[in-house]
Each structure stands twice: as structure tokens, then as C-alpha cells.
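>>> sequence-free structure coming up:
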């Protein structure tokens, strides 16, 4: 496969598409934003002004869109534009129902399809270190793997249609809950006279260890590369965390699963975003819990 159409050139899509261009693919990019298309041109991407122009002659089409309704709408258009056998990869984070609807549309055109949401944030997108969680038939997954490997470090086949989205929703529910737990511990530690470094040194090497602590610590100091050391400029915005947590609760309701901590985390991030902090990094919720933020 030599030519890839990339639909959705936002904060995640643009660096992902740029990495494909750096890897030697001919990448044709489309986004509704003229500014995003202009930025793409500076990254070796051939920006075009319509979906039809983007997918014409493409061996594979990658979508990175905000919501499930957008994915399904684009796929309805795609199946009328692409040739049978075109590989369709959706990297958006959406509900499982929408993901399966996109797979059904692709199957109707005899196209391989993969739902492949990502973890790793904008840093992972720029550094080509993303994790891809893939839902697809085995043949489609193997066809997509070489492309995904140019944008990520770990590619996981989670199962059939929609399984990638299911894995992403569950993973980010864990992340949202654990970030709140870590933040609460630091706030309690502050009230008890512990320094951030002392608590980090203990918890990071004992039973409190988790990714939200050791890789994405929500307070400045212990992990210098985190958003906490950069004014909470987002690697992963609180509004996006809220979106994923809401997806987890919709899925839990549909599946009849009990997720009380997931529900509590959703409520807290909803409060945080509603108070005006949706565009801050999700780790900034520590300030709300401390009482000095939202």
C-alpha cells in the first residue's frame, strides 16, 4: 500500500498523518478546517478540499473524528467513493455501536475495516509511540498492522468488530478513576505535611504504584515531563477524558455492568469541565480536589 487518505487533521490526526508521510507513504489529507489543511501541507501531506479528492486512488483510508455520529456519516459517504477492497481504519474514540455500524458499512462494500482507537495523547502521536487497540477480523488486522506500526509502538488485536473501542473505553475508565485516586492522595498528603516528593518516592515503589502516578504525576516536581510542570497544558484534555468516561457509562448501562467508581469519576470530571476547565489537562483535576481550581 502506497497511498493513504487521512480524514481528520486535528491535534492527534495531523501528527499521525505526518508520521505516515515521513515513513514514505503518499498521504492525502482532508479536514473541514482550512487552517488544519494548511498546517498539513507543512508536514509533507497533500491537503485536499474534499473527501472525494482525498480517497481517490487511496489504498487505505484512516479516519480520526470527534464522535461516533461523525464516523458513521463519513463511512456512509466513503462506501460510495472507494473501490471494493480498500482498507478502512478508524482511529477515533467512539461508542461500540457506532464502531460496529461503520464495520457493517465497510462490509457492504467488501472493504476490510478496523476500529483502532489510540492511547498515548498528543505526545504519543508526535513521537509515533501510540498504542492501538484494534477490533477487526484477522485478515483486516494484518493488513492494517504495517500502517499502524508507523504511528505507534504497540499494536494489539483485541477481537472482532468494536473490540478496539471496548478496550479503549475500559482502559480510559481505569485512567480517569486512578488519576482521581492519585490526586486525592496528594491532596491528603499535603494536609498531613508530606512533601510531593516524599509521597511519590513511597507510592511509586510500593502498592500505590500506577501509570497515573509514575508517568503522569498530577503535581509539579516528581515527574518533570508531565503537564503539571507546564501549567497543565493538555496532553489529554479534561473534556476528552469526560467524553471517554461518558462512553464507559453508556456502555455499562447497555451491558448491565456495575461501575460505581466509573460513575463517580464521570461526575467529578463533568463538574470540572462544566466549571471551565475542559481545555486543561485532565490531571489538573487535582486543583479542584484541593479547592484551588474549578
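Cool, got the structure. What you see is a predicted model, and the numbers here were worked out from it, not measured in a lab.

>>> where does pLDDT dip in the chain?
Low-confidence segments of the chain, defined by pLDDT under 70, span residues 1, 292-294.

>>> domain ranges for it, per the record?
By the record's domain assignment, the chain is partitioned as 3-160, 166-290 (automatic domain parsing).

>>> for the ones you listed, which one ends up most surrounded?
For the domains of the chain, the stretch with the most neighbours on average is domain 3-160, a mean of 20; neighbours defined as mean count of other Cβ atoms under 10 Å. Every C-beta, even on glycine, is put in place using the N, C-alpha and C of the backbone.

>>> and it, how far from the chain's centre?
Its chain's C-alpha centre and that of domain 3-160 lie 12 Å apart, by Cα atoms, centre = their mean, to the nearest Å.

>>> quick one, helices of this protein?
Taking DSSP state H, the helices of the chain run over residues 13-22, 34-41, 51-55, 68-78, 96-108, 121-127, 138-148, 163-191, 196-203, 211-214, 238-255, 260-272, 285-290.

>>> right, and the ones you listed - which one's nearest residue 220?
Evaluated over these, closeness to residue 220 peaks at helix 196-203, with 7.5 Å, by Cβ to Cβ.

>>> quick one: contacts for the residue nearest to residue 137 when sequence neighbours are not counted?
In this structure, residue 137 finds its nearest non-sequential neighbour in residue 160, 6.7 Å apart by Cβ to Cβ, 6 or more residues apart in numbering. Contacts for residue 160 (Cβ atoms under 8 Å, 6 or more residues apart in numbering) come out as 135-137.

>>> closest to residue 123 among those residues?
The shortest distance between residue 123 and any of the contacts of residue 160, using Cβ to Cβ, involves residue 135 and amounts to 24.5 Å.

>>> if we look at the sheet, which residues does that closest one bridge to?
Beta-bridge pairing for residue 135 (DSSP bridges): residue 115, residue 159.

>>> skipping adjacent residues, who's closest to the residue positioned nearest the centre of the chain in space?
With distances taken as Cα atoms, centre = their mean, the residue of the chain nearest its centroid is residue 118 (4.4 Å). Counting by Cβ to Cβ, 6+ apart, the nearest residue to residue 118 once its immediate chain neighbours are dropped is residue 130, at 4.5 Å.

>>> can you check residue 265 too?
For residue 265, the closest residue by Cβ to Cβ, 6+ apart turns out to be residue 176, at 4.3 Å.

>>> surely that neighbour meets residue 240?
No - counting by Cβ atoms under 8 Å, residue 176 stays clear of residue 240, with 10.5 Å between them.

>>> what do those two both touch?
Shared between the contact lists of residue 176 and residue 240 (criterion: Cβ under 8 Å, 6+ apart) are residues residue 282.

>>> got a list of what the residue nearest to the centre of the chain touches?
Residues touching residue 118, when contacts are defined by Cβ under 8 Å, 6+ apart, comprise 12, 91, 93, 124-125, 130-133, 152, 168.
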